[in-house]
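Trainee: Fold the stuff below for me.
(chains A and B)
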Amino acid sequence: MEPMPADVRLSHTAAIILQAIHAGQIYGFSVMQMTGLPSGTVYPAMRRLERDGLIVSKWEQQSIADEEQRPPRKYYRLTRSGRATLDAAYARYPLLEKMIPSPEMERA
Amino acid sequence: MNRFWFATAVAQVNVQAASLLVPRSDRANWTREWTAELHHLCHAPDDVIAGSPNAEPFAFSLGAFHDAFWIRYDRLRSGGLPNLRSGSAARCGLLLAAAAGVALIITLALPGARSAILRLPYRNSGDLVMISSRGYAGAQSPSIALADYEEWTTDTATLFTQIAFYRPIIQGVHLAHHAVARLSVAQGSENLLPLLDLRTPAILSEANGADARLVLSDKAWRTVYQSDPDLVGRTADIDGRAVLIAAILPDSAWRLPGKIDALLLENPGALAALPAKTSGFVVARIRNSAFPPPRGGWRKMVETRGMVTRSFDCICLAHLVGQPSYVFLFALLLASLALPATTALPLGDYPRRRDHLPVSVNMQRWLFLLAKFTLIIVIVDLCSTDLAYGLYPSDPVTALYIQIATAFPALLFAFRWILQDQRKRCPECLRLLSNPARVGQASCNFLSWNGTELFCARGHGFMHIPELPTSWFSTQRWLCLDSSWRSLFPEDCSPSPGIV
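Mentor: You can find the predicted model right below:
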């Protein structure tokens, strides 16, 4: 069962990572590049977010990776609960959207 | 073509090393993700990489170590400890190791038991011998006449470098007006402590006008003199004699036969004034060139005087105080011999084809069995020593009887438990088998199996224990299940990708 957004208290780092994923950085390394956080921080944080049901991970298809002659990558996306939690986090961290603009904000 | 082949190679080695720190169940998933991201990082255009193209892969690979440590930490914090589940081999080993640790702490806390397991505190203790006229029994009680000792002080210079005499007696120490404490005092020759070459604080070498020097045990100093810090150098009254208190001896320092509270070091004249037939202990330091190499800690000394020939035994002191070890080894031997008579030794039939059970798994099983035996032996040794020497200090012979009487049954029952426990474990994961189920009907035994079946909760297989051993099915038999069965066993559910 996914936790209710109000139950989840995001740290600033977790909120940044969530915002980065929301902004379209769907791979671990791209999240690191966007947030400037090291790998020893990003991956554990993403595992916690995944455990809390805020994001989900999936391996890309092998055929896609084979075409590009590289190993398949794992990508992440926000769940509905994750999106609600992120919306709640904007109130706590107002600069979050300005640091990492979301697609909606860029379109606006 | 990779531009940063060296940095990439180092990073890949780091990632592989970090993956070894990750629990096995998650290792493949993490290694796959790290490798994929590292590949992407190494092949990304320069403008995508924020830092130095050479340093970034290395920094990323170091981050993998952080990830691995986090995974371990997270698993511990969440109480996931799969190896310490009830019935696991790790839990069993940990409990036995903890029991051994507790037993060791208790042994070290009990003075009598501690001195029984520690080495002699004397320098070159291998040269020290107790001279006895009646073998081991004579070495535990006063058996040498003072007259013999006095003759040996001059006659045995070729055999011994030093020789000393002492005899424990009860004497009254005058403390205050009408206050007398009864102490067990070893009246000995003044060369006794130099002969032992004891590692102790300085001992006053001169009697300063007193009749003799008194070396108090730490226990007597605490109980009789209430730990008086200025006691050394003062004069005490022992049965009307003024003696100088020369030192306080640690309790562990006295390892010679006889229980004493104090040591009264007499000058040769005072000792010679005692009756010639006074019995006591004689300890000597042998001259190595005089005796052949020690065999079993025992040497024979033959004395011929006129037509009379007498023999004495020179028993190595280290051998004498090491008797608890020998007694325990004897109990261990007895228990090992009695074990086949009291319990079945076979551990069961396991698949002959080792392609199912790898060598490492088989080795693990035997190492676990060996570890259990080792820890049990240590625990029983320490506990029997505690009972014999620590809790109820008695004379050495009684202590030996107590030790063998406790060690033998304890070892026998413990060995039985070890074998029974080993038979009840899965040969692959070493967890205790569970869910026993009766199969078959004893009344329909012909060409049919009946007995009890237990299964490994992780789905490694079944253990069938026959109700009636037959020539074709005499002992319990392990039936391996291949990995296709694992989905039926919930405890072996593999975590989904990403879940730690």
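Trainee: any chance you could map the strands in chain A?
Mentor: Taking DSSP state E as the criterion, chain A contains strands spanning A:55-59, A:74-78.
Trainee: would you put the C-alpha positions of the first one in PDB?
Mentor: Just to be clear, that refers to strand A:55-59. Output of strand A:55-59 as PDB, limited to C-alpha atoms (Å, rounded to 0.1, in the frame of the first residue of the first chain):
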ATOM      1  CA  ILE A  55       9.200   6.300  -7.400                       C
ATOM      2  CA  VAL A  56       9.400   3.100  -9.400                       C
ATOM      3  CA  SER A  57      12.300   1.700 -11.300                       C
ATOM      4  CA  LYS A  58      12.300  -0.400 -14.500                       C
ATOM      5  CA  TRP A  59      15.000  -1.900 -16.600                       C
END
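Trainee: that older thread, would you mind putting the strands of chain A into TSV with mean pLDDT alongside?
Mentor: Compiled in TSV, those are given as follows (pLDDT from 0 to 100):
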stretch	mean pLDDT
strand A:55-59	90
strand A:74-78	90
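Trainee: For the ones you listed, give me a markdown table that also has distance to chain B.
Mentor: Heads up, the C-betas are built off the backbone N, CA and C, glycines and all. Shown next, in a markdown table, are the strands of chain A (distance: least, Cβ to the nearest Cβ, whole Å):
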| stretch | distance to chain B |
| --- | --- |
| strand A:55-59 | 4 |
| strand A:74-78 | 5 |
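Trainee: could you redo those strands as TSV and give each row mean neighbour count?
Mentor: As requested, these are exported to TSV (neighbours: other Cβ atoms under 10 Å in any protein chain shown):
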stretch	mean neighbour count
strand A:55-59	17
strand A:74-78	18
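Trainee: among these, which is nearest residue A:95?
Mentor: In terms of Cβ to Cβ, the element of the strands of chain A nearest to residue A:95 is strand A:74-78, at 19.5 Å.
Trainee: Contacts for the closest one, please.
Mentor: Residues from elsewhere that reach strand A:74-78 (Cβ atoms under 8 Å, 6 or more residues apart in numbering or on different chains): A:18, A:21-22, A:26-28, A:31, A:46, A:50, A:54-60, A:86, B:32-33, B:36, B:497-498.
Trainee: Using PDB, write out the CA atom coordinates for that strand.
Mentor: Presented in PDB, the C-alpha positions along strand A:74-78 are these (Å, rounded to 0.1, in the frame of the first residue of the first chain):
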ATOM      1  CA  LYS A  74      17.600   1.300 -15.200                       C
ATOM      2  CA  TYR A  75      15.200   4.200 -15.300                       C
ATOM      3  CA  TYR A  76      13.000   5.800 -12.700                       C
ATOM      4  CA  ARG A  77       9.700   7.600 -12.700                       C
ATOM      5  CA  LEU A  78       7.500   9.200 -10.200                       C
END
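Trainee: Tell me what angle it forms with strand A:55-59.
Mentor: Counting by axes from the mean of the first three to the mean of the last three Cα atoms, to 10 degrees, strand A:74-78 lies at 150 degrees to strand A:55-59.
Trainee: ok, residues contacting stretch B:127-134?
Mentor: The contact list for stretch B:127-134 (Cβ under 8 Å, 6+ apart) reads B:120, B:122, B:138-139, B:143-144, B:152, B:161, B:195-196, B:256-257, B:281-286, B:288, B:299, B:301, B:310, B:312-318, B:320.
Trainee: Could you turn the buried ones of those residues into a PyMOL selection?
Mentor: Selection of the buried residues among the contacts of stretch B:127-134 in PyMOL, burial being defined by 16 or more other Cβ atoms under 10 Å in any protein chain shown:
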select buried, chain B and resi 120+122+138+139+143+144+152+195+196+256+257+281+282+283+284+285+286+299+301+312+313+314+315+316+317+318+320
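Trainee: Take the contacts of stretch B:127-134 and keep only those in strands.
Mentor: Under the assignment DSSP E, these contribute B:144, B:161, B:281-286, B:299, B:301, B:310, B:312-316 to strands.
Trainee: which among the residues you listed gets closest to chain A?
Mentor: Within the ones in strands among the contacts of stretch B:127-134, distances to chain A taken as Cβ to the nearest Cβ reach their minimum at residue B:316, with 60.6 Å.
Trainee: Wait, that closest one touches residue B:126, no?
Mentor: Yes. The pair residue B:316 and residue B:126 passes the contact test of Cβ atoms under 8 Å, sitting 6.9 Å apart.
Trainee: Quick check: closest non-adjacent residue to residue B:414.
Mentor: Spatial nearest neighbour of residue B:414, chain neighbours left out: residue B:376 (4.5 Å); criterion: Cβ to Cβ, 6 or more residues apart in numbering or on different chains.
Trainee: same deal with residue B:280?
Mentor: Of all residues beyond its chain neighbours, the one nearest residue B:280 is residue B:167 (3.3 Å), with distances taken as Cβ to Cβ, 6+ apart.
Trainee: and that neighbour, how many residues sit next to it?
Mentor: Residues lying near residue B:167 (other Cβ atoms under 10 Å in any protein chain shown) number 21.
Trainee: so what pLDDT did residue 3 get?
Mentor: In the absence of a named chain, this looks at chain A. We have a pLDDT of 47 for residue A:3.
Trainee: looking at chain B here, not the other one
Mentor: In this model, residue B:3 is scored at 53, pLDDT.
Trainee: same check, this time on residue B:485
Mentor: Looking at residue B:485, its pLDDT reads 71.
Trainee: again, but for residue B:300
Mentor: So, for residue B:300, pLDDT stands at 69.
Trainee: so who does residue A:73 touch?
Mentor: Neighbouring residues of residue A:73 by Cβ under 8 Å, 6+ apart: A:27, A:59-60, A:65, B:33, B:36-37, B:40.
Trainee: List buried residues within those residues.
Mentor: Among these, those classed as buried by 16+ other Cβ under 10 Å are A:27, A:59, A:65, B:33, B:36-37, B:40.
Trainee: Is whichever strand or helix holds residue B:26 positioned near chain A?
Mentor: Per DSSP states H and E: residue B:26 is located in helix B:24-43. Yes. Applying Cβ under 8 Å from any Cβ of the partner chain, one finds helix B:24-43 touching chain A at B:32-33, B:35-37, B:39-41, B:43.
Trainee: so which of those comes closest to residue B:339?
Mentor: Once Cβ to Cβ is applied, the member of those that ends up nearest residue B:339 is residue B:32, at 50.1 Å.
Trainee: Need the pLDDT of that closest one.
Mentor: 87.
Trainee: my guess is it meets residue A:71, correct?
Mentor: Yes. The criterion here is Cβ under 8 Å, and residue B:32 meets it with residue A:71 at 7.2 Å.
Trainee: Okay, helices next: where are they in chain A?
Mentor: Secondary structure of chain A by DSSP state H: the helices cover A:12-22, A:28-35, A:39-51, A:62-67, A:80-92, A:96-99, A:103-107.
Trainee: Nearest to residue B:410, out of those helices?
Mentor: Closest of these to residue B:410 is helix A:39-51, at 47.9 Å (criterion: Cβ to Cβ).
Trainee: buried sites along the closest one?
Mentor: A:39-50.
Trainee: After the helix holding residue B:26, which helix or strand is next?
Mentor: helix B:55-77.
Trainee: So which other helices or strands are in contact with the helix or strand just after that following helix?
Mentor: Using DSSP H and E, the helix or strand that directly follows helix B:55-77 along the chain is helix B:89-109. With contacts defined as 3 or more Cβ pairs under 8 Å, 6 or more residues apart in numbering or on different chains; DSSP states H and E, helix B:89-109 has these neighbours: helix B:111-117, helix B:359-385.
Trainee: Would you mind giving these as a markdown table with mean neighbour count added?
Mentor: Below are those laid out as a markdown table (neighbours: other Cβ under 10 Å):
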| stretch | mean neighbour count |
| --- | --- |
| helix B:111-117 | 20 |
| helix B:359-385 | 17 |
